[in-house]
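K.L.:
After the sequence you'll find the predicted model.
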Amino acid sequence: MPHYNRYKSTYTKRHIEEKKKAKTNTINQYEDFIIKSTNESTGIVIETKYNEAIILFDNELIKAHLRKEINVPCNKIIFPGDVVTIKQNKLKEYYIENLIERKNLLSRIKKDSTKKDDIGIKNNIAANIDIAVIVVSAKEPPLHQKLIDRYLLILQENNMDFVICLNKADLKTNEDEKILDIYRKIKIPVIETSTVDCTGIEKLKDILRGKQAIFLGHSGVGKSSLTNLLIGTEKIKTSHTSKKSLKGRHTTTSSRYYIWDKNSSIIDTPGIRSLDVSNFNKNEIKEYFQEFKSLEGNCKYSNCLHYKEKIEDCIVKQALEKGIISKDRYYSYIRILEDIIKDEK
């Protein structure tokens, strides 16, 4: 007779897999829900809750439910930035009839969660993004290059434009400047801002004007404070960093959409402390480190990972030795690669 614990383990694993599958495939049950285009009036999703969405429709904010036959939570298939068609029932209540096909959907895989069976499940954040702003801070919380590189990986995979924004620039150190220079040298746009003295705010507006943008980053880096300055209000809840952990407190609990100028919007997202990249293949990671790309093809082996190969066989390692490639970026690549190899095993 099989041991009870073994049965329990097998059952739990199967239950988790079924739960993941159910959560990620809900929208596939309703093929006619997504349409390519329409001549009808559309609205933009501002915020989603369990059973309703707040939508900007005919220059007014309305609450709308999914149409009756779609029996899944609204916040599982509709996200800020989505464009939807709206109708009214006999009771004059608004409901979402269709979702206009998205140009992109930004997601992350949950790595940290209070519920163990939620880990590894895709968490969709926002749709139809023109540009992503990776917000980091000079202090409280400190600048973390590891998170920047993981964001860049995900944004490049989704073919999204991006810019790195160092907020709290008035607290910038020489070490912060060295990290930013790494990205400047590989032609990644970097902007510095401060919500204390409004440094860089006009430049940020120029970059984002006419676009649907999203702020991404740790809690406490100042995403909501930057949004306040963009839209000219103090209504968005902000919070200081926890002195005990030096990590920001979560003040934004769901993605929210704000219009700050004509055809210009910003989606403020909850702080993300960790990003799981286990859905990537170990052989494709190097493709997103652009300083490697100009050197590729010169390694001895075509499938070189620039990892455990001998230095005489790997052109990337040789470039690292000569100082052509940043050591910090290379070791960031190695950490990501090792995480993926560990997950594959």
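P.N.:
Structure received. Numbers count the residues shown, from 1 in each chain.
K.L.:
Is K317 in a helix, a strand, or coil?
P.N.:
helix (DSSP: H, G, I helix; E, B strand; the rest coil).
K.L.:
What score does it have for pLDDT?
P.N.:
K317 is assigned a predicted lDDT (pLDDT) of 96.
K.L.:
so it touches I311, yeah?
P.N.:
Yes - counting by CB atoms under 8 Å, K317 does reach I311; the two are 4.5 Å apart. C-beta: built from backbone N, CA, C; applies to glycine.
K.L.:
Counting neighbours, go ahead and name the busier of those two.
P.N.:
Higher neighbour count among K317 and I311: K317, with 20 against 11, using other CB atoms under 10 Å.
K.L.:
what sits against that one?
P.N.:
H306, E309, I311 (CB atoms under 8 Å, 6 or more residues apart in numbering).
K.L.:
The first one looks like it's in a strand, true?
P.N.:
It refers to H306. No - counting by three-state DSSP, H306 is located in no strand; its state is coil.
K.L.:
Tell me, how many residues neighbour Q88?
P.N.:
Neighbour tally, Q88, other CB under 10 Å: 11.
K.L.:
cool, and the one 10 residues further on?
P.N.:
Other residues within reach of N98 by the criterion other CB under 10 Å amount to 19.
K.L.:
Also D181?
P.N.:
That count, for D181 with other CB under 10 Å as the rule, works out to 11.
K.L.:
Renumber starting at 158 from here on
P.N.:
Yes, from this point I'll number from 158; that puts the last item at D338.
K.L.:
and for the strand or helix carrying it, what are the contacting residues?
P.N.:
Applying DSSP states H and E as the criterion places D338 in helix 331-342. Helix 331-342 is contacted by residues A295, L300, Q302, I305, I321, L323, V347, E349, S483, D485, R486 when judged by CB under 8 Å, 6+ apart.
K.L.:
Same question for it: list its buried residues.
P.N.:
Neighbour-count burial for helix 331-342 flags D333, I336, L337, I339, Y340 (criterion: 16 or more other CB atoms under 10 Å).
K.L.:
ok, now stretch 415-431?
P.N.:
Y415, W417, S421, S422, I423, I424, D425, T426, P427, G428, I429.
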